[in-house]
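Participant: Coordinates for the following, if possible.
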Amino acid sequence: MPVEPARSARPLSAPAPRSAAEPRSAAAPASPVAPVSSAAPVPAPAPPGGRAAWLAWSIGVSVYILAVIHRTSLGVAGLDAADRFGIGASALSTFSILQVLVYAAMQIPVGLLVDRFGPRRVLLLGILLLSTGQLAFAFSSSFAPALASRAVLGCGDAMTFISVLRIAARWFPAAKNPFVAQLTGLAGMGGNLVTTVVLAQALHSEGWTPTFAAIALLGVAVFALVALFLKDSPAAVHPAEHRPGPRPRIGRQVRACWREPGTRLGLWVHFTTQFPGNAFGLLWGLPYLVEAQGMSRAEAGGLLTLLVLSNMSFGFLFGRVLSVSARARMPIVLTVIAATGLGWALVLAWPGGHPPFWLLAGIILVMGSNGPASLVGLDYARARNPVERLGTASGIVNMGGFIGTMITLFGIGVLLDALSPAGAGSYSAAAFRWAFCWQYVPLAVGTAMILRLRRKVAT
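Facilitator: Presented below is the predicted three-dimensional model:
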């Protein structure tokens, strides 16, 4: 009993601060909990959307448009490159294969960079690499330096698309992200349109070096635009992403993304739907139409333009459908795969290897759906990964289509050389027919994996 008065006398010995001392003593039992709640991340407000969001997206997507111009520039210069460097189909395909290989290999590192440093810095680095690679390509006169320059270009290209998607995720409400992702792909096709219409003409009127050097110098204006006006996110949105403190280990981050079935399904969707149109537009479309089908360069360029316009139309259509219902994802994917496989079967089985113009136009229209359908894979990853892993998850998914493209480019090139020993300029319609049959190998593998994984993901 004497001890209790001694304890109570301590806080009462100073009457003035008693009211201040009481709250501290009352809070003491809860002290282990209080620091945790005060250090817990404050829920971020929803991204605002609106004009500011569209402005930020427009600046980011200008880099992606530039990257697509760089990426597809070889698609209209394949025959010129074969003459300039004195190479055959296998070596010619090596340009695109290496570029795509670097692109695919960089996806996870780029996703980690975006998660850690933000999309704006990664975009600036990407522009520098794109411009450097294209400028070196413009002045290359032998195979090895030109090949190295395409590798640098592929590295810069890899840093654009994921960064733009991350900007969209930070600036737009979640419900609008599928539509904005499709608009991003649609805008990228605008860059492809510049390649097929403007670059193809400039290449033949101005020559190799002036044309590719001019493309490289476009990066100066885009770099200034991003450096001066782009912000990673609106004020007070996603504050936890930049909070100092321990970050997850790289290996743990990648494993967490890969364990998510939605990420793996997204990768195989991207793999299976993107590569047919990608391989055709990046390299083999123009040689096939000119050498196997006997078209002029102008006619072939017109059909490649149709591929771009079809891609843009499907991108807008799929974006609107997916913004209304996520249940449309798998029906879109399977329909595009079936239509592409059936379309190429009709073209390749046509007697004599010379299908009519309407059938060629039809398969090109169908391949226009490939790119927009591949973006559905990114929707699967985005819907099933937390925001701090979105860059890494998007990088894993985005590898898929470019791995499929690389496999297809290489397989077609090897088969063309095997079937036409005389080399470039001697590729017959029959050689192209058998070489293009290679597409069914990755198509079958990818479709089987999609059907297997869809059971694990509520689609």
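Participant: make it CA atoms for all contacts and neighbour counts henceforth
Facilitator: Will do.
Participant: and the one helix or strand residue 399 maps to, which residues are buried?
Facilitator: Assigned by DSSP states H and E, residue 399 belongs to helix 390-419. Buried residues in helix 390-419, counting neighbours by 16 or more other CA atoms under 10 Å, are found at 390-417, 419.
Participant: Could you do stretch 172-179 as well?
Facilitator: By 16+ other CA under 10 Å, the buried positions in stretch 172-179 come out as 172, 174, 176, 177, 178, 179.
Participant: Distance from it to the middle of the chain?
Facilitator: From the chain centre to the centre of stretch 172-179 is a distance of 17 Å (CA atoms, centre = their mean, to the nearest Å).
Participant: State the mean pLDDT of that stretch.
Facilitator: In this model, stretch 172-179 has an average pLDDT of 83.
Participant: My guess is residue 292 contacts residue 432. True?
Facilitator: Yes. Residue 292 lies in contact with residue 432 (CA atoms under 8 Å); the separation is 6.7 Å.
Participant: out of the two, which sits in the more crowded spot?
Facilitator: Between residue 292 and residue 432, counted using other CA atoms under 10 Å, the more crowded position is residue 432 (25 against 19).
Participant: I'd like to know how many residues surround the residue nearest to residue 53 when sequence neighbours are not counted.
Facilitator: Once flanking residues are discounted, residue 53 sits nearest to residue 171: 5.1 Å by CA to CA, 6 or more residues apart in numbering. Residues within reach of residue 171, counting by other CA under 10 Å, total 26.
Participant: ok, residue 171 touching residue 58?
Facilitator: No. Residue 171 is beyond contact range of residue 58, at 11.6 Å (criterion: CA under 8 Å).
Participant: any residues in contact with both of these two?
Facilitator: Taking CA atoms under 8 Å, 6 or more residues apart in numbering as the criterion, residue 171 and residue 58 do not both touch any residue.
Participant: Could you give the separation of the helix holding residue 399 from the chain centroid?
Facilitator: So, by CA atoms, centre = their mean, the centroid of helix 390-419 is 13 Å from its chain's centroid.
Participant: Which elements pack onto that helix?
Facilitator: helix 89-105, helix 107-117, helix 161-171, helix 250-259, helix 261-279, helix 370-383, helix 429-436, helix 440-453 (3 or more CA pairs under 8 Å, 6 or more residues apart in numbering; DSSP states H and E).
Participant: swap the cut-off to 7 Å and go again
Facilitator: Packing partners of helix 390-419 (3 or more CA pairs under 7 Å, 6 or more residues apart in numbering; DSSP states H and E): helix 89-105, helix 107-117, helix 161-171, helix 261-279, helix 370-383, helix 429-436.
Participant: Can you report the mean pLDDT over the residues of the following helix or strand past the longest one?
Facilitator: Helices and strands here follow DSSP H and E; after helix 261-279, the next one along the chain is helix 285-287. Here helix 285-287 scores 87 as its mean pLDDT.
Participant: and if you look at stretch 375-389?
Facilitator: So the average pLDDT for stretch 375-389 ends up being 85.
Participant: same thing with stretch 327-346?
Facilitator: 95.
Participant: tell me the helices in the stretch 101-250 of the chain, going along the chain?
Facilitator: 107-117, 119-139, 143-157, 161-171, 177-194, 200-206, 208-229, 250-259 (DSSP state H, counting those that start in this stretch).
Participant: Of those helices, which is nearest residue 274?
Facilitator: helix 177-194 (11.8 Å; CA to CA).
Participant: between that closest one and helix 370-383, how many degrees?
Facilitator: The directions of helix 177-194 and helix 370-383 differ by 150 degrees, with axes from the mean of the first three to the mean of the last three CA atoms, to 10 degrees as the criterion.
Participant: on that earlier part again, next, the angle helix 250-259 makes with the helix holding residue 399.
Facilitator: 70 degrees.
Participant: Redo the helices and strands packed on helix 390-419 as JSON lines? Include distance to residue 342.
Facilitator: Shown next, in JSON lines, are these (distance: least, CA to CA, whole Å):
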{"stretch": "helix 89-105", "distance to residue 342": "25"}
{"stretch": "helix 107-117", "distance to residue 342": "31"}
{"stretch": "helix 161-171", "distance to residue 342": "30"}
{"stretch": "helix 261-279", "distance to residue 342": "12"}
{"stretch": "helix 370-383", "distance to residue 342": "14"}
{"stretch": "helix 429-436", "distance to residue 342": "13"}
